[in-house]
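Asks: coords below, sequence missing:
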Ligand SMILES: Nc1ncnc2c1ncn2[C@@H]1O[C@H](COP(=O)(O)OP(=O)(O)OP(=O)(O)O)[C@@H](O)[C@H]1O
Ligand SMILES: [Mg+2]
């Protein structure tokens with residue numbers, strides 16, 4: 001039965017390998033860049049904020065020192081006044097608090113406006129607990145809405161505050177004159193200033209990163225399209241080659257290119273198609289040879305029979321002769337068909353060897369006896385030199401056929417009165433059967449081919465001897481089925497020797 005050629009599956013919405021590569025490449029590149037960029041942005045942000053915190057702490061400490069005396073000794077108005085003058089340079093808001101975190105003065109409130117209210121932000125509490133200074137970020141109460149700055153905001157993962165405030169607290173220290181020892185902590189100065197500048201810087205960095213990110217993503221996309229093209233090109237070539245082969249073009253080959261695996265695949269494909277092509281050629285050759293061999297005896301018979309039909313007055317002697325020839329041709333046909341069947345059966349693995357243990361010398365003698373009449377007719381001398389202790393575990397009738405074919409060839413291709421010799425010896429742990437003759441021999445250039453089907457060295461001559469060129473191919477097949485091997489040594493004009501080696505028991 002003909003194997004059905006698989007139909008291409010219905011096109012599914014699967015991505016081609018090429019686009020899968022592009023996608024993977026792009027995702028890897030983009031995510032790597034994204035993580036690197038966000039790490040960098042957050043580092044820069046941290047750095048900027050740290051710097052700002054340090055500067056603010058220094059300023060707050062300085063302002064606290066400036067107001068310390070007034071805070072400790074003068075009234076609220078003087079404190080407010082000195083704080084306003086301290087603040088004018090900085091543009092921030094100063095709030096002085098006592099040790100209970102109660103507001104004593106606030107530069108953005110009227111004098112006494114919020115006096116007495118408690119303001120215990122974490123920074124104030126830090127300082128009350130003994131810290132030298134403390135910095136924290138707080139949302140500005142009057143910036144509840146957050147408008148979008150640029151289109152890049154769309155990509156932002158971090159919510160950057162607009163109008164966030166930096167709170168810096170520093171202790172108000174009072175150094176008493178004449179006394180050594182640590183200064184007294186009399187209050188806390190809270191300095192509130194906008195950190196918008198820092199945030200803007202950070203946003204600028206982030207914007208830059210995002211721009212680079214978009215550029216890198218585009219470049220990555222282009223590169224991945226390019227690479228995927230390079231990677232998948234051999235694959236497309238291979239697919240095209242396979243399609244051509246599926247359509248019946250067995251000569252289809254693909255260029256060996258691409259990476260190691262691709263090149264390996266291409267080479268394997270080429271080898272496979274080469275083998276298929278050889279097999280196809282061999283099959284065509286076999287069919288055409290077989291038809292030719294079968295046609296020859298048929299046309300001969302047709303001529304003979306037609307002569308008999310159209311010449312009714314033919315003498316009975318000639319008629320007898322014609323009938324004998326027809327009979328011979330039928331024998332020949334039967335033999336060719338028998339040989340072909342044997343070969344085909346072995347090929348398809350149908351043949352089962354009926355193995356038994358026997359002595360090779362016995363089978364050789366029997367076979368020689370069957371050919372004795374032919375030998376006698378040609379006046380040829382056959383010498384047997386057989387070691388009797390060599391037994392094999394093999395199919396007796398098949399081995400007999402091997403010996404018969406070899407001996408028949410020796411007889412056919414040796415002129416009358418020639419010499420033929422069969423020798424059976426041991427060769428290591430194998431049996432060695434040799435059939436040697438003193439005939440015409442086989443030219444060295446022909447030796448590799450004589451085991452091929454229908455191969456004859458001298459087409460015209462062996463046809464006249466009745467050969468079809470199948471004998472030796474059957475011999476080789478049978479020997480190989482028995483795990484043996486067959487070789488030939490010969491010199492043109494000086495006879496030929498066939499060597500069969502087989503496992504012994
Ligand atoms: N002993 C030999 N001496 C010289 N040539 C040989 C010998 N044996 C085989 N050959 C050559 O090898 C060819 C193939 O042999 P093979 O036995 O396969 O075919 P055949 O004898 O022509 O036909 P068949 O055996 O099918 O009747 C022969 O045609 C012959 O030319
Ligand atoms: Mg033969």
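Replies: Looks like it came in fine. Just so we're clear, the structure is a prediction, and the values are computed from it rather than from any experiment. Ligands and ions are numbered 1, 2, ... in the order given.

Asks: can you give me the strands in the stretch 251-400 of the chain?
Replies: 355-359, 381-386, 391-395 (DSSP state E, counting those that start in this stretch).

Asks: could you list the paired strands of the first one along with their orientation?
Replies: Here the strand partners of strand 355-359, with direction, are listed using DSSP bridges: strand 391-395 (antiparallel).

Asks: which of the residues in the partner strand are classified as buried?
Replies: Within strand 391-395, the residues scored as buried using 16 or more other Cβ atoms under 10 Å are 392, 394, 395. All C-beta atoms are positioned from the backbone trio N, CA, C, and that covers glycine.

Asks: how far away from the center of its chain is it?
Replies: 47 Å (Cα atoms, centre = their mean, to the nearest Å).

Asks: mean confidence for it?
Replies: What strand 391-395 shows for mean pLDDT is 96.

Asks: ok, now stretch 309-320?
Replies: pLDDT averaged over stretch 309-320 gives 91.

Asks: before we move on, what about stretch 139-153?
Replies: Taken as a whole, stretch 139-153 has a mean pLDDT of 53.

Asks: what lines up beside whichever strand or helix holds residue 170 in the sheet?
Replies: Following DSSP states H and E, one finds residue 170 within strand 164-174. According to DSSP bridges, strand 164-174 has the following sheet partners: strand 134-139 (antiparallel), strand 184-194 (antiparallel).

Asks: for this protein, name the helix or strand with the lowest mean pLDDT.
Replies: In the chain, the helix or strand scored least confidently by mean pLDDT, DSSP states H and E is helix 459-464, which has a mean of 60.

Asks: pLDDT score for the residue positioned nearest the centre of the chain?
Replies: Note on the chain: the residue nearest the mean C-alpha position is residue 261, at 5.3 Å, using Cα atoms, centre = their mean. Per-residue confidence (pLDDT) for residue 261: 86.

Asks: if I look at it, how far off is residue 17?
Replies: Going from residue 261 to residue 17 by Cβ to Cβ, to the nearest Å gives 13 Å.

Asks: could the strands paired with strand 164-174 go into JSON lines alongside distance to residue 377 and mean neighbour count?
Replies: What follows is those, written out as JSON lines (distance: least, Cβ to Cβ, whole Å; neighbours: other Cβ atoms under 10 Å):
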{"stretch": "strand 134-139", "distance to residue 377": "121", "mean neighbour count": "17"}
{"stretch": "strand 184-194", "distance to residue 377": "127", "mean neighbour count": "22"}
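
Asks: out of these, which comes closest to residue 100?
Replies: Closest of the strands paired with strand 164-174 to residue 100 is strand 184-194, at 9.4 Å (criterion: Cβ to Cβ).

Asks: any idea how far the closest one is from the chain center?
Replies: Averaging C-alpha positions (Cα atoms, centre = their mean) puts strand 184-194 70 Å from its chain's average.

Asks: the closest residue to ligand 2 within the stretch 301-450 of the chain sits in which helix or strand?
Replies: Nearest residue of the stretch 301-450 of the chain to ligand 2: residue 409, at 4.3 Å (Cβ to the ion). Residue 409 belongs to helix 396-412 when assigned by DSSP H and E.
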